[in-house]
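[1] Provide a 3D model corresponding to the input given below.
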Amino acid sequence: MPDTTWIDSGKTEAPKRLDKILAWIKRNRETFIGTAVIALAAVIFAVYFFSHYSKLRDTAWKNLFIAQQVGLSGNPAEAQTQLKSIVATYPGASTYGYAILTNGDIFFTQGKFKEAEAEYSKLLTGGAKDLRPFALYSLAKTQEAAGELPAAQAQYKDFLSAYPEHFLAPEVHLSLANCYEASGNAPEAKNTLEKIVLLYPETSWAAQSKARLTPPAAAEPAQKQSPINAPAKP
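    Next up is the predicted model:
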């Protein structure tokens, strides 16, 4: 039922919206003050949380950069110690996946393929969706380097099925061709190279594939000696 108390009060016009709000606040002062305090506390907490999270994020990225530089400087053991600390300290930060990926790369360069596989596999489930293509490709390269050719082929195929438009796709096709060739499957290697030429024309990947598909030119027969230069018969 509409409020008509303004008519009984003798006023000639309906109260404005602001007047209604002020009247409600006057009648419900305690409720209003309580609500205002809660809202203010929420704003203060949000500002604090954002500021605190930003500092943690900046610190995490700084630590990741330092760990990568330590690894590049020839101290992989110290780098991996720092990377593990980043993973444990900032599990929800965006640096989490990069730290795992970097740790896997260090294991790979050391020839510790099982350890590298374990690190890359961590990124295939859960968070860090943007790093999954890189983890999947790195996992396949690791398996290929370890001589696990059937497993590597399966991972390359999984990559191309899940990320056919990814910028790594041409390189994955070429790696798959290499894997087929190493396992003695020449027909599949040829098919994959032909697919690269078809899918990525006018690229360096296509040029490499064309070069490998072109059989080496037969050696030209030795030029016949001209009678003019022929040695005189005795």
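
[2] so how far is Trp205 from His173?
    As judged by C-beta to C-beta, to the nearest Å, His173 and Trp205 stand 7 Å apart. Heads up, the C-betas are built off the backbone N, CA and C, glycines and all.

[3] lowest-pLDDT helix or strand in the protein?
    When each helix and strand of the chain is scored by mean pLDDT, DSSP states H and E, helix 5-8 comes last, with a mean of 49.

[4] now the helices for the chain?
    5-8, 17-27, 29-72, 76-89, 95-109, 113-121, 132-145, 149-162, 169-182, 186-199, 204-213 (DSSP state H).

[5] make JSON lines out of those and add mean neighbour count.
    Converted to JSON lines, these look like this (neighbours: other C-beta atoms under 10 Å):
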{"stretch": "helix 5-8", "mean neighbour count": "10"}
{"stretch": "helix 17-27", "mean neighbour count": "11"}
{"stretch": "helix 29-72", "mean neighbour count": "12"}
{"stretch": "helix 76-89", "mean neighbour count": "17"}
{"stretch": "helix 95-109", "mean neighbour count": "22"}
{"stretch": "helix 113-121", "mean neighbour count": "19"}
{"stretch": "helix 132-145", "mean neighbour count": "22"}
{"stretch": "helix 149-162", "mean neighbour count": "18"}
{"stretch": "helix 169-182", "mean neighbour count": "20"}
{"stretch": "helix 186-199", "mean neighbour count": "16"}
{"stretch": "helix 204-213", "mean neighbour count": "15"}
